[in-house]
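>>> Test case, fold it:
(chains A and B)
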Amino acid sequence: NAGVTQTPKFQVLKTGQSMTLQCAQDMNHNSMYWYRQDPGMGLRLIYYSASEGTTDKGEVPNGYNVSRLNKREFSLRLESAAPSQTSVYFCASSPSAGGATQYFGPGTRLLVL
Amino acid sequence: GENVEQHPSTLSVQEGDSAVIKCTYSDSASNYFPWYKQELGKGPQLIIDIRSNVGEKKDQRIAVTLNKTAKHFSLHITETQPEDSAVYFCAASHGRGADGLTFGKGTHLIIQP
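Now for the predicted structure:
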């Protein structure tokens, strides 16, 4: 049972390049989330998906798009990367909406030059 | 929206002593309060959580207390061990819809041998 997996583990981009961060969970969870973690800022919610086919903005959605491809997979896309998007990105999933335990992946470290 | 404040940002204790980390929240509708432990290079792992219908919960050396009137909750670790060294995050959720957790900025716990 792998839980929540994320790819890639580490990525370096140049300003203006695009990329997609992949996330998959094998726990049959309904809800999935993307967070970013910056030093001294804790984790901040970028986007979430209550269930397959739905997505909503979180606290810091600007510069990102998401796709809930199916129940297992939730991807995060940076269309035109900026240095301010240098961060560690975590995907999480939970069995149900609102107030359910969230399980986190190992993270993707992104450096934008 | 919800705002979670966490103190202290760094806590150094002698091995065997107790450690206490405190959080306050702003949204009185919040009803779910998890605590996560994050080791270097890894994703956050849930260590304990509490819901608003209870005031205290224990799991071996770890306990969490909740004061809904004052809108604060605390993590207590007794008989600290070297493996307790990590960054700890508190979080809050009002449980409406499928929105994510609002995290505190983290406490770096250092266990001195």
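>>> Give me the below-cutoff pLDDT ranges for chain A.
For chain A, applying pLDDT under 70 flags the ranges A:1, A:97-99.
>>> go with 50
The model of chain A has no residue with pLDDT under 50.
>>> Would you mind measuring from the residue nearest the centre of it to chain B?
Nearest residue to the geometric centre of chain A (Cα atoms, centre = their mean): residue A:34, 2.9 Å. From residue A:34 across to chain B, the span is 9 Å (Cβ to the nearest Cβ, to the nearest Å). For glycine as for every other residue, the C-beta is placed from the backbone atoms N, C-alpha and C.
>>> residue contacts, that residue?
Neighbour list for residue A:34: A:21, A:23, A:45-48, A:58, A:64, A:66, A:74, A:76, A:89-92 [criterion: Cβ atoms under 8 Å, 6 or more residues apart in numbering or on different chains].
>>> One more pass at 10 Å, please.
Residues near residue A:34 by Cβ atoms under 10 Å, 6 or more residues apart in numbering or on different chains: A:6, A:21, A:23, A:44-49, A:55, A:58, A:60-61, A:64, A:66, A:74-76, A:89-92, A:105, B:100.
>>> Would you check that residue A:40 makes contact with residue B:87?
No. Applying Cβ atoms under 10 Å as the test, residue A:40 and residue B:87 come out as separate, 11.1 Å apart.
>>> before we move on, back to that, name the strands paired with the helix or strand hosting the residue nearest to the centre of chain A and say parallel or antiparallel.
Using DSSP states H and E, residue A:34 falls within strand A:31-38. Strand A:31-38 has the following strand partners under DSSP bridges: strand A:42-49 (antiparallel), strand A:87-94 (antiparallel).
>>> So what are the sheet partners of the helix or strand following the first one and their directions?
This means strand A:42-49. Counting by DSSP H and E, the next helix or strand C-terminal to strand A:42-49 is strand A:56-57. Its sheet considered, strand A:56-57 pairs with strand A:42-49 (antiparallel) by DSSP bridges.
>>> Comparing residue A:40 and residue B:87, which residue is more hemmed in?
Neighbours per residue (other Cβ atoms under 10 Å in any protein chain shown) separate residue A:40 from residue B:87, with residue B:87 holding more: 19 against 7.
>>> hang on, the earlier thing: and for residue A:40 and residue B:87, which residues touch both?
Shared contacts of residue A:40 and residue B:87, counting by Cβ under 10 Å, 6+ apart, come down to B:9, B:105-106.
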